[in-house]
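Asks: Build the 3D model from these lines:
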Amino acid sequence: STSRQQHGQRPRPSRGPAPRDLDARGRMDRKLRSQAGQAIYALRKTIVEPVFGQIKGARRLVRFRLRGMEKVNGEWALMATNHNLLKLFRASVATG
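Replies: Modelled structure (predicted):
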């Protein structure tokens, strides 16, 4: 996202050709203002990105505590397993 928006509010569409001197943020802003860009960006809510936010927010995972890819992968696997076990536990409590 390039700026904050109210929930459900859509940005005004861009018109005309894009200026040549736009930086990366400006190009992304123009892309998000197009209908095709909004449709693609909306798919982010239906795929895995919310899970990363939930894990990072609920578990307060600001940074990894271990160093090295192998250890970081293990730490992430532990966090993801914890997240999934809690989901299963809450589902069993809700139905039982």
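Asks: so where's this protein shaky on pLDDT?
Replies: Low-confidence segments of the chain, defined by pLDDT under 70, are located at 1.
Asks: What segments of it are helices?
Replies: Counting by DSSP state H, the chain has these helices, from start to end: 24-33, 35-42, 49-58, 69-95.
Asks: Output these in JSON lines, with mean neighbour count and distance to Ala18 appended to each entry.
Replies: All C-beta atoms are positioned from the backbone trio N, CA, C, and that covers glycine. Formatted as JSON lines, those follow (neighbours: other CB atoms under 10 Å; distance: least, CB to CB, whole Å):
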{"stretch": "helix 24-33", "mean neighbour count": "14", "distance to Ala18": "5"}
{"stretch": "helix 35-42", "mean neighbour count": "12", "distance to Ala18": "12"}
{"stretch": "helix 49-58", "mean neighbour count": "12", "distance to Ala18": "26"}
{"stretch": "helix 69-95", "mean neighbour count": "11", "distance to Ala18": "38"}
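Asks: Need the ones you listed in TSV (columns: distance to Arg4).
Replies: Below are the helices of the chain laid out as TSV (distance: least, CB to CB, whole Å):
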stretch	distance to Arg4
helix 24-33	13
helix 35-42	15
helix 49-58	16
helix 69-95	27
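Asks: what's the offset of stretch 12-28 from the middle of its chain?
Replies: Taking the mean of its C-alpha atoms, stretch 12-28 sits 23 Å from the chain's own mean (CA atoms, centre = their mean, to the nearest Å).
Asks: measure that stretch end to end?
Replies: 14 Å (CA to CA, to the nearest Å).
Asks: quick one: contacts of that stretch?
Replies: Contact with stretch 12-28 is made by 2, 29-30, 33-35, as judged by CB atoms under 8 Å, 6 or more residues apart in numbering.
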